[in-house]
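Novice: can you look at this prediction? I've put the sequence above it.
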Amino acid sequence: MRRRRTARLALLLIALLCLIGPSLAPYNPLDDVGESLAPPSRDHPFGTDLIGRDVLSRVLHGGRRTLGTAALAILIAIVPGLLVGLSVGYVGGAADRAALILIDAVSAVPSLLIALCVVALLGGGPTQIAVAVGIAGIPVYTRLARGAARGLRGALYIEAARAAGAGRLYILWRCILPNAAPTLISGGTVLLAWSLLNAATLYFLGFGGDPALPEWGAMLAEARSVLRAAPHVALAPGAALMGTLASVIAAGDAPTNPC
Amino acid sequence: MSGWVARRIVTAGLTVWVAVSLAFIVLRLLPGDAISAQLALSGATEGQIAERRAALGLDEPPLTQYLTMIGGLLQGDLGWSLVTGRPVSQMIAEQVWPTVGLAAAALMVAVLVGIGLALGAVFGGPFVRPVAALITLILMASPIYWTGTLAIYLFSVALGWLPSAGSITDVRAWVLPVAVLGLSVAGGLSRVIGSELTHLRGADFVCTAYAKGLPRRVVAVRHVLRAGLGGAVTLITLQAGYLLGGAVVTETLFVRRGLGGVLLGAVNTQDYPVIQGLVVFNAIVYSVVTTFGDLVGAAIDPRLREPQA
Amino acid sequence: MLRFVRRMALISCSMALLLACVGALFVAALLQRGTAAAQPAPTRIVYGLTLLPSGFDPHINASSELGIPLRSVYDTLVYRDPNTKDFVPGLAERWEISPDGLTYTFYLKQGVRFHDGEVFDAFAVAKNLDRITAPETRSQKALFLLGPFERYIVPDANTIQLVLRAPFTPLLDGLAQVYLGMASPKALAEYDRDRYQLHQVGTGPYQMVDYIPGDYMLLRRNPAYTWGPSFYQKDNPAPVEEIEFRFFTDPATRAPALESGAAQIMGEIPALDAIAIARRPDLRLVTQAIPGLPLQFLLNTTQPPLDRGEVRRALLAATDRQGIVDAVFQQFSPVAYGPLSASSPFYEPRVRDFYPYNRDQAKKVLADLNYTDTDSDGVLDLNGQPLRLTMIVPSWGNAPAVAQKIQSQWREIGVELTLKQVPNLAGLLTATKEEYHLVAFNDFGVDPSLLNRFYLSDAPNNLSRVVNTNLDQWLRRATETLDPAERAALYTQIQALIMDQGLVLPIRDYVNLNGYSTIVDGLAFDAYGWFPLLPNLRYVGSGRLGN
């Protein structure tokens, strides 16, 4: 319980930092301001990268892009996933079976291929990666919502509501959604973490568009190539990325006390 | 029961068809193709490129190409690579076992570690619990390309215990990739299993509470439980699907051959038939895995079985 | 509840059991296989390749990666000496070129045999030419190396004549490359087009034993080999018996592989890792210059504002190339000054005089053209249009790092550069169909005729979109004349014109950083830079052995 609260606080802090971060940054994240791969110093608390740019400034600027990408991705995944998943899970029947086939079909197309197509059609970049990751996440979330709705289908109170004449929409909105909420939220945070990781991997594979724009996953991937000569370059973006991921995951923990 | 199985097979077939059609459409939307890219680089003229494409049937109308592909699929023919000219089914057959082996071994590691961590996080003593929770968190928050790199530097370069790359016949070369891939999935799995355990633990109290006549909401919690459990099984089978994707990065990092390399290569050279073949393969595997998952889920919760009242 | 825990325990026990079974099966399979891979010969090494080419058939595929192992599996009619770049006899012991440049006569060595025992003669050469020129083969490079090749004549078993439609000076250079290597006609007939690459048979110092696509290729020494070119070591006391080639596509995996003993020789080591390699007592570094085009950015002369020569020249002067090379390539690469690397034949040293780094000069030129920062956003404008340029950046060759360096340098003079990274070649070709100002592209080879593919007005890779009749004329003439002095003069003019017009921003000459374990000695490369002279490797025996 307490862990969840600390996690939510941490998330809030991170979000705040991302919003005002750019104004806190001492240098322009794109400017060559120091020696290449300089170790941490007073001028550069986290050192400089291969191009000579200040790592701290890049991390402060990059948060917006990283979290923005992930937020956009889960939005793309959750909205249709929730609507379609809950509905077909509750309704069942032919619509459910058809939806299942569609979900499985989309899942069967490798997310790498989806990413490539998005990038080829729209160019590379954070938005495009968000779209690719989001599309790949739709079947995941739809399945989750569907599973939750199906499990609740036979509940006594739902039968009671139906007997009382409640319409499907009402039942979905008032009975299914609130009771499925813990699972949905928990699944949602896992999806967010998954999106962040997937987006970072797409940067690693080269779909990032403009390589100069700061973004935590891309910075971490770059840091790999200078790991031996300058391990400090990975410190700031790695801590930022993993810290955010950890907070997201911990914040979505289902309540331990159901009563 | 046999009716259920038959229906699942039909469903699987439909899934494969929809998946490969989706892939076909999306691929045709992409500008350029393998032939133009290859030849432009080696200095061919536009005329020669056009000749080649015509010879391979690439300039026929999309519908014709689509029907040809579907026709081939029904006969078990996955087409030929645009780049190497070899049959796609052969290319997949050559590279499938290392990937499947990697994914299967990683899933086993993931389940073992996941269950262990979950048990530790829920039932462990006051020292074990936060440690298990912390480990779970770290595992969930680490990108594979990063943990893999660190593992290589630690175990291969610094300590020299394990090779950083090696033949797939070398057992030692399997340890790091399986561990890294498995652990990347173990975190999420442990969390899901852990939450199930805590729910169930709570349920005991709920039972007694209900006997005392507590409101409906408490009963609803039990149903949430059932739903959650179904969701848990779903997530586990989904991890299996994710594993095949995670294999791409793992295979690159640890220099292993497998379907990940085939997919990456085909994607980079726009080799349509290979991509389509991989989608078919993936769809079939996916259908098998999810069917299995549904079976397990239905075994756990009778409400999930079909047909539903 | 207890039931759930019990179920979980059951699952974990069965998983553990499954893992143990799989492990046991594995060990059993290992013991049973007894392939060459499981029982290494004492002198076997692992050589790391860096690119996974789409195919490994030299007659069909264009990648230089395939040449690294296959250069030693095949012999060619002629070779180029690694140091002087002169043509030396190979499978042909001497040759004649007709005065009109249309007929090449090759007198072949006798007593040469393929790895499968077949005799090498003019008929074998003919079969190879048939295969390369056949439309069904769909050759991506070999065919184009033959140029205006029309037909062959076989006067007798040891002589073959190649007849061209027009003079083509780069022909000998093409015939010295692995893509025109001579394969056994028996093997070519036995395996169809696509399967041959798995069973390649040549006449070279090493023969192909096994090849599993995407996994590895195994070569074994050919003990009967006595007909090599002059620079192949004749009496190597300790040649390497077997060489296993594996693919390391991710740059960050290469140095660790050397250090952990997973590979004994590795190419294309990233500069930063190379420094660490050089420091280790059990590893050595070999830097090899690669002739051809340097790492460079082509400027699109049809896209404003780069359609103005003064703008292009100003940008070239605003680039601190030494700074880029120092940061990204450490001390391993020389700065490039022209469209050809310094190690290429016919390189004109005076291109160094073009565009020394002079930021103030660049600023002044732009100011003189009426570029001023009217809205104080740090970017120069002209008539309301900001000076914004787009650069297409491939993901390989350190191009992204270089591009970002250029970006930060040009920002200092008020030019805003937007980078568009493309993940692969197909993406790059697509991106060049749209608007762009700069694009990174290059190619390798010894004969400067590869400039034709980039600077002829109708060339497919004319990414600077230049249309210059002088350039066209000179480039064409340079591949027709057989007079070396005339070629030299032409290429001097060509390089001067390209630089004067500011068509290209050269960054660095390619240098391949190779690392190797002290288990071997004598690692050297051929004239083309990429291809190791495997018969000259000596197995010395100290250092760590891989598994």
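Specialist: It's in.

Novice: tell me who's in contact with the residue of the stretch 251-400 of chain C found nearest chain B.
Specialist: Going by Cβ to the nearest Cβ, chain B is nearest to C:Ser260 of the stretch 251-400 of chain C, at 3.9 Å. No exception for glycine: its C-beta is placed from N, CA and C like everyone else's. Counting by Cβ atoms under 8 Å, 6 or more residues apart in numbering or on different chains, C:Ser260 touches B:152, B:156-157, B:160, B:162-164.

Novice: buried set for stretch C:359-368?
Specialist: C:359, C:362-363, C:365-366 (16 or more other Cβ atoms under 10 Å in any protein chain shown).

Novice: what stretches of the stretch 51-200 of chain A score poorly on pLDDT?
Specialist: For the stretch 51-200 of chain A, residues meeting the criterion pLDDT under 70 lie at A:116, A:120-121, A:123, A:156.

Novice: where does it get nearest to chain B, which residue?
Specialist: Closest point on the stretch 51-200 of chain A to chain B, by Cβ to the nearest Cβ, is A:Gly151, at 2.9 Å.

Novice: name the element that residue belongs to?
Specialist: In the assignment (DSSP states H and E), A:Gly151 maps to helix A:126-153.

Novice: of all the residues in the helix or strand following that helix, which ones are buried?
Specialist: Downstream of helix A:126-153, the next assigned helix or strand under DSSP H and E is helix A:156-163. For helix A:156-163, burial by neighbour count (16+ other Cβ under 10 Å) applies to A:157-158, A:161.

Novice: and for stretch A:95-107?
Specialist: In terms of neighbour count (16+ other Cβ under 10 Å), stretch A:95-107 has its buried residues at A:96-97, A:99-107.

Novice: just stretch C:256-273 next, same as before
Specialist: Neighbour-count burial for stretch C:256-273 flags C:256-273 (criterion: 16+ other Cβ under 10 Å).

Novice: just want the most central residue of the chain.
Specialist: Reading this off chain A. Central residue of chain A (Cα atoms, centre = their mean): A:Leu192, 3.0 Å from the mean position.

Novice: looking at chain C here, not the other one
Specialist: C:Ser64 (4.3 Å).

Novice: now it, what's its secondary structure?
Specialist: For C:Ser64, the assignment made with DSSP: H, G, I helix; E, B strand; the rest coil gives coil.

Novice: that one and chain A, how far apart?
Specialist: From C:Ser64 across to chain A, the span is 21 Å (Cβ to the nearest Cβ, to the nearest Å).

Novice: and for C:Leu70?
Specialist: For C:Leu70, the distance to chain A (Cβ to the nearest Cβ) stands at 28 Å.

Novice: so how far is C:Val201 from that residue?
Specialist: Separation of C:Leu70 from C:Val201 (Cβ to Cβ, to the nearest Å): 11 Å.

Novice: C:Leu17 - how many residues pack around it?
Specialist: 11 (other Cβ atoms under 10 Å in any protein chain shown).

Novice: to clarify, my last question referred to C:Ile324.
Specialist: For C:Ile324, the tally of surrounding residues (other Cβ under 10 Å) stands at 24.

Novice: now the one 3 residues further on
Specialist: Neighbourhood size, C:Ala327 [other Cβ under 10 Å]: 21.

Novice: in the stretch 151-300 of chain C, what residue lies closest to chain A?
Specialist: Using Cβ to the nearest Cβ, the closest approach of the stretch 151-300 of chain C to chain A is made by C:Leu272 at 4.3 Å.

Novice: thinking again about what came up before, any idea which of the contacts of C:Ser260 has the most stuff around it?
Specialist: Using other Cβ under 10 Å as the neighbour test, the contacts of C:Ser260 are led by B:Ser164, with 29 neighbours.

Novice: what's that one sitting at in phi/psi?
Specialist: As for B:Ser164, its main-chain torsions (degrees, to the nearest 10) stand at phi -90, psi -10.

Novice: give me the contact list for stretch A:206-213.
Specialist: A:30, A:65, A:115-116, A:119, A:123-126, A:128-129, A:132, A:202, A:215, A:218, C:393, C:395, C:400, C:403-404, C:407, C:418-421, C:423-424.

Novice: can you flag the buried ones in those residues?
Specialist: The neighbour-count test (16+ other Cβ under 10 Å) marks A:30, A:65, A:115-116, A:119, A:123-126, A:128-129, A:132, A:202, A:215, A:218, C:393, C:395, C:400, C:403-404, C:407, C:419-421, C:423-424 as buried among those.

Novice: the helix ranked longest in chain A close to chain B?
Specialist: In chain A, assigned by DSSP state H, the helix with the most residues is helix A:55-91. No - applying Cβ under 8 Å from any Cβ of the partner chain, one finds helix A:55-91 separated from chain B by no less than 9.3 Å.

Novice: helices and strands around the next helix or strand after that helix, which ones?
Specialist: Using DSSP H and E, the helix or strand that directly follows helix A:55-91 along the chain is helix A:93-108. Applying 3 or more Cβ pairs under 8 Å, 6 or more residues apart in numbering or on different chains; DSSP states H and E, we find helix A:93-108 packed against helix A:55-91, helix A:126-153, helix B:2-29, helix B:272-300.

Novice: phi and psi next, for C:Ile45.
Specialist: phi -130, psi 160.

Novice: do the same with C:Leu299
Specialist: The phi/psi pair for C:Leu299 (degrees, to the nearest 10) is phi -100, psi 130.

Novice: what about the residue of the stretch 151-300 of chain C closest to chain A, which helix or strand?
Specialist: Per DSSP H and E, C:Leu272 falls inside helix C:271-279.

Novice: ok, now A:Tyr170?
Specialist: For A:Tyr170, the host element (DSSP H and E) is helix A:168-170.

Novice: parallel or antiparallel, which strands does the strand or helix carrying C:Glu96 pair with?
Specialist: Element membership for C:Glu96, per DSSP H and E: strand C:92-97. Strand C:92-97 has its sheet partners listed here by DSSP bridges as strand C:103-108 (antiparallel).

Novice: coming back round to it: taking the contacts of C:Ser260 one by one, which sit in strands?
Specialist: Using DSSP state E, no member of the contacts of C:Ser260 falls within strands.

Novice: taking those one by one, which sit in helices?
Specialist: Among the contacts of C:Ser260, no member falls in helices (DSSP H).

Novice: quick one: residues contacting the closest residue to chain C within the stretch 101-250 of chain B.
Specialist: Per Cβ to the nearest Cβ, B:Ser156 is where the stretch 101-250 of chain B lies closest to chain C, at 3.9 Å. If you count contacts by Cβ under 8 Å, 6+ apart, B:Ser156 has them with B:162-164, B:176, C:256, C:259-260, C:262.

Novice: rerun that using 7 Å as the cut-off
Specialist: Listed by Cβ atoms under 7 Å, 6 or more residues apart in numbering or on different chains, the contact set of B:Ser156 reads B:162-164, C:256, C:260.

Novice: likewise C:Ser395?
Specialist: Contacts of C:Ser395 (Cβ under 7 Å, 6+ apart): A:206, C:421-423.

Novice: could these be laid out in JSON lines, adding secondary structure and distance to B:Glu51?
Specialist: Shown next, in JSON lines, are these (DSSP: H, G, I helix; E, B strand; the rest coil; distance: Cβ to Cβ, whole Å):
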{"residue": "A:Gly206", "secondary structure": "coil", "distance to B:Glu51": "32"}
{"residue": "C:Gln421", "secondary structure": "strand", "distance to B:Glu51": "32"}
{"residue": "C:Val422", "secondary structure": "strand", "distance to B:Glu51": "27"}
{"residue": "C:Pro423", "secondary structure": "coil", "distance to B:Glu51": "28"}
